[in-house]
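**Student:** Starting from these lines, generate the structure:
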Amino acid sequence: MFGQPVLDTPVLGVIEQGGDFPIHEILEDRSCPGGYFLRIARSHFVCSAHFSPSARFPARAPVVVVDETMDSSLAWRRTKVATPVWASRADRLAGKPAFLLPRNAHLLYRKRYVTVDGELMYLTLKDYLVASADLEEASPSTFSGKRTEGAGDLAWAVVYRYPTVPVVDLDRGRPRRRLQDKTWVRLATTEPVERDGRKYYRIEDGWGVSEEHLRLFTLGEPPEGTAPGEPWIEVNMTSQTLVAYEGSRPVFRTLISSGRVGTDTVPGLYRIYFKRAVQDVSRKRAKKVDYFFESVPFVQFFHGVFAFHSAMWHHAFGFPHSMGCVETSLRDAAFLFGWTHPRVPDGYLALTDSVEDPGTLVRIVKFPGHRVPTRFHPRAVPPEE
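**Tutor:** Below is the predicted model of the structure:
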């Protein structure tokens, strides 16, 4: 057993034949005679040629695949109406539902159907029965954030108003065309101009968009103690925006949905402490289900049960919509999950942060410059083994 994944380092110890130990990391790029190195503890490495695994290694592909077109390997069906869920054929024939799903519940689609008493029923992941006629294809939002390509690539905003927003001829004061909701526009000026009692921002083609129909992005200073180039995130709940940074340099920005009134997202400085590639998001009380979203991808917990996660059940990014979490589109959740720490290796379902790979800092504010309390406890560095 070595202290580094190289052969010419001192041997730390020996594992007895027949001993069992966990595999924390597979280092396929670090070879040893007959195999490659495996990390089995903090700063403890062994050669794969010297043991037989009790189970095959995890696949080296992501649990949830999102390709270049940002199409997910997962697909969902949603409930068109409140619909009963049956635990078995017998319960369906007896009219005894296990519970009732609300409208807009999302079920992972696997093309599994049976017929019960002449009715086509869909089989869920847990083999519950749901009437196929009560389900329809879900349509996750295709909105995505924007990467920062350089210093001159910051003057962007997002149009928000469903379904379209008028674009005004600022010289003549008349609407000339319309832009679709969630359209990215580049601003020609950083200050608004006033016309007929309204403030407009001039966009790069010379036309104007009303300030009330734009989500603008403001930049913040890194949290105290942030290392140069360290990744961190700021969420602004007033503008419903997110900006990701590396040190003082913004690298990504997008729209989010934070908590609604009554289930507000709590401002504070956090760290992402646990990441899970896919997880159910639901609230069930006895037989009543308030909401149910099966197999939600890219969940990143930062405070108790509150997390960043994708939301395939609405298109309202730019407006508060959640029960306290920070929701993003599927495309943005895929990017953030891969960009933040701790980094989840391909093939792994979940990972917690550690001293070696602490979670990314997250600052949630109500407005730019909002001073917020620190709401995480730094991990104590364990003694050297």
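
**Student:** which ones are touching residue 374?
**Tutor:** By Cβ atoms under 8 Å, 6 or more residues apart in numbering, the residues touching residue 374 are 268-269. Bear in mind the C-beta positions are built from the backbone N, C-alpha and C, glycine included.

**Student:** if we go to 7 Å?
**Tutor:** Contacts for residue 374 (Cβ atoms under 7 Å, 6 or more residues apart in numbering) come out as residue 269.

**Student:** Beta-bridge partners for it, please?
**Tutor:** residue 269 (DSSP bridges).

**Student:** Against residue 271, how distant is it?
**Tutor:** Note on residue 374: its distance to residue 271, by Cβ to Cβ, to the nearest Å, is 9 Å.

**Student:** need the helices for the stretch 151-300 of the chain, in chain order.
**Tutor:** With DSSP state H, counting those that start in this stretch, there are no helices along the stretch 151-300 of the chain.

**Student:** Please enumerate the strands of the stretch 251-385 of the chain.
**Tutor:** With DSSP state E, counting those that start in this stretch, the ranges of strands along the stretch 251-385 of the chain come out as 268-271, 274-285, 288-303, 306-310, 326-328, 350-352, 361-365.

**Student:** and residue 148, which of those is closest to it?
**Tutor:** Distance to residue 148, taken as Cβ to Cβ, is lowest for strand 326-328 among the strands of the stretch 251-385 of the chain, at 17.0 Å.

**Student:** Okay, now the sheet partners of the worst-scoring helix or strand of the chain on mean pLDDT, with direction.
**Tutor:** Least confident helix or strand, the chain: strand 174-180 with a mean of 84, by mean pLDDT, DSSP states H and E. Sheet pairing of strand 174-180 (DSSP bridges) gives strand 164-169 (antiparallel).

**Student:** Next, the buried residues of stretch 201-219.
**Tutor:** 201-203, 207-210, 213-217 (16 or more other Cβ atoms under 10 Å).

**Student:** Widest-spaced pair of those residues?
**Tutor:** 207 and 217 (20.0 Å).

**Student:** Can you report how many residues neighbour the closest residue to residue 238 other than its chain neighbours?
**Tutor:** Nearest non-adjacent residue to residue 238, counting by Cβ to Cβ, 6 or more residues apart in numbering: residue 367, 5.2 Å away. By other Cβ atoms under 10 Å, 11 other residues sit near residue 367.

**Student:** and residue 367, how far is that from residue 164?
**Tutor:** Residue 367 is 29 Å from residue 164, where distance means Cβ to Cβ.

**Student:** ok, now residue 261?
**Tutor:** For residue 261, the distance to residue 164 - Cβ to Cβ - is 27 Å.

**Student:** Those two: which is more packed in?
**Tutor:** Applying other Cβ under 10 Å to residue 261 and residue 164 shows that residue 164 carries more neighbours, namely 14 against 6.

**Student:** Across the sheet, point out what pairs with that one.
**Tutor:** Under the criterion used here (DSSP bridges), residue 164 is bridged to residue 180.

**Student:** Is it in contact with residue 183, as I believe?
**Tutor:** No. The criterion here is Cβ atoms under 7 Å, and residue 164 misses it with residue 183 at 9.0 Å.

**Student:** What distance do you get for the nearest residue to residue 254 once chain neighbours are set aside to residue 336?
**Tutor:** Of all residues not flanking residue 254 in the chain, residue 145 sits nearest, at 2.7 Å (Cβ to Cβ, 6+ apart). Distance, residue 145 to residue 336, by Cβ to Cβ: 9 Å.
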